[in-house]
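**Student:** Below: sequence and its predicted model.
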Amino acid sequence: MTGSVLDFLPPPMRDPVFFAIPFFLVLLTVEWVAARRLQHIESQREPAGAFNARDAWTSISMGLVSILTMGGWKLLALLGYAAIYAYLAPWHLPGNRWYTWVIAIVGVDLLFYAYHRIAHRVRLIWATHQAHHSSEYYNFATALRQKWNNSGEILIWIPLPLLGIPPWLVFTSFSLNLVYQFWVHTERVGKLWRPIEFIFNTPSHHRVHHGRDQLYLDRNYGGILIIWDRMFGTFQPEVFRPHYGLTKQVDTFNIWKLQTHEYVAIARDVRRAGRWRDRLGYVFGPPGWQPAEVRRIQPVG
């Protein structure tokens, strides 16, 4: 039955792809419905200073496009993960066992933490991720202000099929992680019961992550679990209401510019640089990186 649909694939890959396709389609639908539901919720009244209609519509538009682009990236990942699972995994973990689900969900979350931290410290990847941080407001619509280039996330999850986790379960865990993160984008929820705040990412923790205040920069990278930040030294509790957005605001509602402006800035800096080490620094250094001689001549304050 699978051969008629997947004849173009080598036989060992056909079952992994066949079993992943229903999850692939269902989870794309779940993400779409969640996005539409949040669009409806966001039309309700927000606290003073927490909502701007044009900004919210910009976020929603970026999110709806992101679901389509993510579908394309997931299709590529589906074929790649199936090949890794079929040919390279030393064993195949059973998808109907609880421990496989635990490994998959925790594994996705740990790798998300790693990718998220890299995205804030490597400018080329930050150029993709910064779109999510570009709103000066923090609400459910902000959760939908997603990037259109998911290549980094697709690559970071390669260890999971390599460990024998079925591709369909990788996609399920991926989508559960994403859907969980929708609800932490709100100012309506204060701090929760202490054990929950200690283990899980919460609205309070994620507000810190979106803050552009010096105390809050590059903190609280966790997706579902905040324990990764506690373990690896990137945790910061919320001590005052953050100021949201980028340290250098883009000041536009144009969704194409919001997605691409940092790539343009990188290209401009690389073109102006006179040495290869400076060019590499502008691409792979942290956001805001400059050559030492440029930093020395800049005025303080």
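**Tutor:** In hand now; what should we look at? Numbering: from 1, shown residues only.

**Student:** just the helices in the stretch 151-300 of the chain please.
**Tutor:** Under the criterion DSSP state H, counting those that start in this stretch, the stretch 151-300 of the chain contains helices at 151-156, 159-162, 167-182, 194-199, 203-210, 227-232, 255-272, 276-284, 292-297.

**Student:** I'd like to know which of those lies nearest to Ala56.
**Tutor:** helix 255-272 (12.7 Å; C-beta to C-beta). The C-beta positions use only the backbone N, C-alpha and C, and glycine is treated the same way.

**Student:** relative to helix 276-284, how tilted is that closest one?
**Tutor:** On the basis of axes from the mean of the first three to the mean of the last three C-alpha atoms, to 10 degrees, helix 255-272 is oriented at 170 degrees to helix 276-284.

**Student:** And the contacts of helix 255-272?
**Tutor:** With contacts defined as C-beta atoms under 8 Å, 6 or more residues apart in numbering, helix 255-272 is touched by 58, 61-62, 65, 123-124, 126-127, 130-131, 134, 147-148, 250, 252, 279, 282-283.

**Student:** Buried ones among those residues?
**Tutor:** Buried by 16 or more other C-beta atoms under 10 Å: 58, 61-62, 65, 123-124, 126-127, 130-131, 134, 147-148, 279, 282-283, out of these.

**Student:** can you tell me which of those lies nearest to Ile156?
**Tutor:** Nearest to Ile156 among those, with distances taken as C-beta to C-beta, is Lys147, at 13.7 Å.

**Student:** Looking at the helices of the stretch 151-300 of the chain, which is nearest to Thr100?
**Tutor:** helix 167-182 (6.7 Å).

**Student:** Report the backbone C-alpha coordinates of that closest one in PDB.
**Tutor:** Taking Å, rounded to 0.1, in the frame of the first residue of the first chain, the C-alpha atoms of helix 167-182 are listed here in PDB:
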ATOM      1  CA  PRO A 167      10.100  10.600  13.000                       C
ATOM      2  CA  TRP A 168       6.400  10.900  13.700                       C
ATOM      3  CA  LEU A 169       7.200  11.200  17.400                       C
ATOM      4  CA  VAL A 170       9.800  13.800  16.800                       C
ATOM      5  CA  PHE A 171       7.200  15.900  15.000                       C
ATOM      6  CA  THR A 172       4.600  15.300  17.700                       C
ATOM      7  CA  SER A 173       7.100  16.500  20.400                       C
ATOM      8  CA  PHE A 174       8.100  19.400  18.300                       C
ATOM      9  CA  SER A 175       4.500  20.600  18.000                       C
ATOM     10  CA  LEU A 176       3.700  20.000  21.600                       C
ATOM     11  CA  ASN A 177       6.700  22.200  22.500                       C
ATOM     12  CA  LEU A 178       5.500  24.900  20.200                       C
ATOM     13  CA  VAL A 179       1.900  24.800  21.300                       C
ATOM     14  CA  TYR A 180       3.000  24.900  25.000                       C
ATOM     15  CA  GLN A 181       4.900  28.100  24.300                       C
ATOM     16  CA  PHE A 182       1.800  29.900  23.000                       C
END
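
**Student:** for that helix, packing partners?
**Tutor:** Applying 3 or more C-beta pairs under 8 Å, 6 or more residues apart in numbering; DSSP states H and E, we find helix 167-182 packed against helix 11-42, helix 53-87, helix 98-121, helix 140-143, helix 159-162.

**Student:** circling back to that earlier point, in CSV: the helices of the stretch 151-300 of the chain, plus distance to Ala77 and mean pLDDT.
**Tutor:** Output for those, formatted as CSV (distance: least, C-beta to C-beta, whole Å; pLDDT from 0 to 100):
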stretch, distance to Ala77, mean pLDDT
helix 151-156, 4, 90
helix 159-162, 9, 96
helix 167-182, 8, 86
helix 194-199, 29, 97
helix 203-210, 25, 97
helix 227-232, 23, 98
helix 255-272, 20, 96
helix 276-284, 24, 95
helix 292-297, 39, 66
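
**Student:** can you put the ones you listed in CSV and add distance to Pro94?
**Tutor:** Formatted as CSV, the helices of the stretch 151-300 of the chain follow (distance: least, C-beta to C-beta, whole Å):
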stretch, distance to Pro94
helix 151-156, 24
helix 159-162, 14
helix 167-182, 10
helix 194-199, 27
helix 203-210, 34
helix 227-232, 27
helix 255-272, 40
helix 276-284, 40
helix 292-297, 54
